[in-house]
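[1] Kindly generate the corresponding structure for this input.
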Amino acid sequence: MIRQSDENPGRNPKTPSPRSLLLSIERALASNSTDPSARAQDLFYEAMEAPTATAKLALLEKALKLDSGNVDVLLELFRHETLSPADKIEFLQKLLKLAETRLGPKAFQEFAGAFWGFHETRPYMRVRVMLAEHLRAAGRIAEAIAEWQAMLVLNPGDNQGVRYALLSSLLALNRLEEARALFENYPEEFEFNAAFAWGRVLERFLANDLTGVMAALAVARKQNPNMQVYVKGHRAVPRHQPEAYSPGSKEEAICYAEGVRAAWVKHPAALKWLEAQNLK
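    Presented below is the predicted three-dimensional model:
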């Protein structure tokens with residue numbers, strides 16, 4: 001439960017508190033309204049383009065007054081809060097319930113399979129991916145996996161790229177059959193994505209496929225040779241992520257290194273084997 005002591009003491013007094021944001025969610029849930037304010041959503045988009053943080057927050061607060069259950073607004077205001085990991089998860093779980101209520105059951109029937117393609121579904125998907133990320137950060141990996149897998153059922157095209165974190169997490173927990181299913185669903189990724197290429201190496205090692213693991217390692221080194229120093233732990237992952245990357249680049253390696261490294265660390269024997277493989 002979010003407590004008064006969790007609130008940021010240095011906040012701008014005009015910024016809604018975590019408690020007031022939760023109350024907005026609860027009021028919106030109680031009203032059971034599925035009729036969002038178009039003007040509030042327009043104000044949200046204006047806020048995203050605001051020139052200053054002060055102007056941004058002012059627009060978000062104005063939108064929230066028009067529509068206390070606007071999911072995008074609540075999620076953006078949440079980003080400005082300093083909360084404990086448990087309170088962050090609690091907040092996001094309640095916000096996800098609100099987003100689901102606002103969409104209504106019909107949307108999940110009609111839009112499933114191409115969920116991101118409909119603008120009204122995107123606030124829900126944005127909340128769900130953030131919830132999964134916070135669950136993983138809190139060490140609740142199995143719960144994060146369940147969120148990502150459910151998102152891929154709704155939107156197998158995966159515009160948000162959750163399959164990469166999902167793969168690393170499945171491998172970390174040695175859930176190899178599910179990792180293989182992911183490989184089958186996205187077979188082109190080995191040549192174009194470092195998380196998949198290096199994830200395949202780990203999966204083949206865990207499967208005791210000595211021939212397959214060497215072939216996978218050759219593919220991974222070709223796809224992105226920059227990843228190996230991060231996988232081995234020879235280089236720390238930079239704190240700041242690149243804004244963009246191209247396949248095989250140093251920037252791509254940085255973007256995926258944390259998740260890939262986390263999976264390998266769970267399997268010390270695999271790391272020991274990788275250390276023994278000299279570059280040719």
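[2] contacts, neighbours, all on C-alpha from now
    Fine.
[3] Figure out how far the helix or strand hosting residue 136 is from the centre of its chain.
    Taking DSSP states H and E as the definition, residue 136 sits inside helix 122-137. On the basis of C-alpha atoms, centre = their mean, to the nearest Å, helix 122-137 sits 5 Å off its chain's mean C-alpha point.
[4] repeat for stretch 101-116
    20 Å.
[5] pLDDT (mean, whole number) over that stretch?
    Taken as a whole, stretch 101-116 has a mean pLDDT of 95.
[6] Please apply the same query to stretch 169-180.
    Per-residue scores along stretch 169-180 average to 98.
[7] just to revisit the earlier point, list the helices and strands the helix holding residue 136 packs on?
    helix 71-78, helix 85-103, helix 141-154 (3 or more C-alpha pairs under 8 Å, 6 or more residues apart in numbering; DSSP states H and E).
[8] Can you check which of those gets nearest to residue 127?
    Comparing the helices and strands packed on helix 122-137 by their distance to residue 127 (C-alpha to C-alpha), the top pick is helix 85-103, with 6.0 Å.
[9] related to what we said a few turns ago, please identify the most buried of the helices and strands packed on helix 122-137.
    helix 71-78 (a mean of 22; mean count of other C-alpha atoms under 10 Å).
[10] angle of it against helix 122-137?
    Here helix 71-78 runs at an angle of 40 degrees relative to helix 122-137 (axes from the mean of the first three to the mean of the last three C-alpha atoms, to 10 degrees).
[11] tell me the angle of helix 71-78 relative to helix 85-103?
    Going by the same axes, to 10 degrees, helix 71-78 makes 170 degrees with helix 85-103.
[12] shaky segments in this structure?
    Confidence mapping of the chain against pLDDT under 70 gives the ranges 1-16, 32-35, 279-280.
[13] just to revisit the earlier point, in the helix holding residue 136, what's buried?
    The neighbour-count check on helix 122-137 (16 or more other C-alpha atoms under 10 Å) flags 122-136 as buried.
[14] Identify the residues contacting it?
    With contact meaning C-alpha atoms under 8 Å, 6 or more residues apart in numbering, helix 122-137 is reached by 71-72, 75, 85, 88-89, 92-93, 95-96, 99-100, 115-116, 141, 143-145, 147-148, 151, 162.
[15] measure stretch 147-163 end to end?
    Start-to-end span of stretch 147-163 (C-alpha to C-alpha, to the nearest Å) is 11 Å.
[16] Tell me the one of the buried residues of helix 122-137 nearest residue 41?
    residue 123 (10.6 Å).
[17] Residue 196: what's it in contact with?
    Per C-alpha under 8 Å, 6+ apart, neighbours of residue 196: 164, 167, 183, 189-190.
[18] at 7 Å what do you get?
    With contacts defined as C-alpha atoms under 7 Å, 6 or more residues apart in numbering, residue 196 is in contact with 189-190.
[19] now residue 257
    227, 230-231, 237.
[20] out of these, which are inside helices?
    Secondary structure from DSSP state H places 230-231 of the contacts of residue 257 in helices.
[21] Name the nearest of the contacts of residue 257 relative to residue 104.
    residue 237 (41.1 Å).
[22] Number of residues surrounding the closest one?
    18 (other C-alpha atoms under 10 Å).
[23] roughly how far apart are residue 189 and residue 198?
    Computed as C-alpha to C-alpha, the residue 189 to residue 198 distance reads 11 Å.
[24] Neighbour count for these two, which is higher?
    residue 198 (28 against 15).
[25] thought the more buried one was touching residue 218?
    No - using C-alpha atoms under 7 Å as the test, residue 198 is too far from residue 218 to be in contact (9.9 Å).
[26] between the two, what contacts are shared?
    With C-alpha under 7 Å, 6+ apart, residue 198 and residue 218 have no common neighbours.
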